[in-house]
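Chemist: Can you look at this prediction? I've put the sequence above it.
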Amino acid sequence: MIRGAVIPSTAGFALVAMVVLRGVRHPVPRAAPWRPLGREGRMRLAGATARLALAGYLAYLGVVLVFGVVLQRKRGLMWSAAWGGLFLLAIAGPAWVGLSAAAGRIALRRGRPGPASDPP
């Protein structure tokens, strides 16, 4: 029981520590001033978002495979994780699009930077 909790917790801690250390050593440069997205910018944003969502889904399935199926030997867990992840993507994707559009319109009305912009 303890081994099943210690290994995933330690691996997760090590991963987070590596990400934090990388962020400290290689800070991200400041973004350019905000401008409304044009058609091309929206298409690039949609493509980048789809790739990011797919990569996150595959990473999630990889974690479930290693820690749930291989280490804990729970056979039915993979199907449950696959369908649960797709359900989450089906809810989170449209919510992200709608909330991003709303935030952009509010920002335009107020004359402030919004959540996304075309690169210069």
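Modeler: That came through fine. Because the structure is predicted, anything quoted here is derived from the model rather than measured.

Chemist: In this structure, where is pLDDT below threshold?
Modeler: Where the chain drops to pLDDT under 70, the residues are 1-2, 34, 36, 111-120.

Chemist: Buried residues of stretch 79-98, list them for me.
Modeler: Buried residues in stretch 79-98, counted by 16 or more other C-beta atoms under 10 Å: Ala81, Gly85. For every residue, glycine as well, the C-beta is placed using N, CA and C.

Chemist: And the contacts of it?
Modeler: Residues from elsewhere that reach stretch 79-98, judged by C-beta atoms under 8 Å, 6 or more residues apart in numbering: Thr49, Ala53, Tyr57, Tyr60, Leu61, Val64, Gly68.

Chemist: Pull the distance from the longest helix seen in the chain to the chain's centre.
Modeler: Looking across the chain with DSSP state H, the single longest helix is helix 77-110. Centroid separation between helix 77-110 and its chain, computed with C-alpha atoms, centre = their mean, to the nearest Å, is 10 Å.

Chemist: cool, and stretch 29-39?
Modeler: Mean-position distance between stretch 29-39 and its chain equals 20 Å (C-alpha atoms, centre = their mean).

Chemist: what's the answer for stretch 30-40, then?
Modeler: Mean C-alpha position of stretch 30-40 versus that of the full chain (C-alpha atoms, centre = their mean) differs by 21 Å.

Chemist: Could you give the separation between the terminal residues of that stretch?
Modeler: Start-to-end span of stretch 30-40 (C-alpha to C-alpha, to the nearest Å) is 22 Å.

Chemist: What of stretch 21-31?
Modeler: Using C-alpha to C-alpha, the gap from the first to the last residue of stretch 21-31 comes to 21 Å.

Chemist: same thing with stretch 55-70?
Modeler: End-to-end span of stretch 55-70 (C-alpha to C-alpha): 21 Å.

Chemist: How about it, which residues are buried there?
Modeler: By 16+ other C-beta under 10 Å, the buried positions in stretch 55-70 come out as Tyr57, Tyr60, Leu61, Val64, Phe67, Gly68, Val69.

Chemist: how close does Val19 sit to Ala82?
Modeler: Between Val19 and Ala82 the distance is 25 Å, computed by C-beta to C-beta, to the nearest Å.
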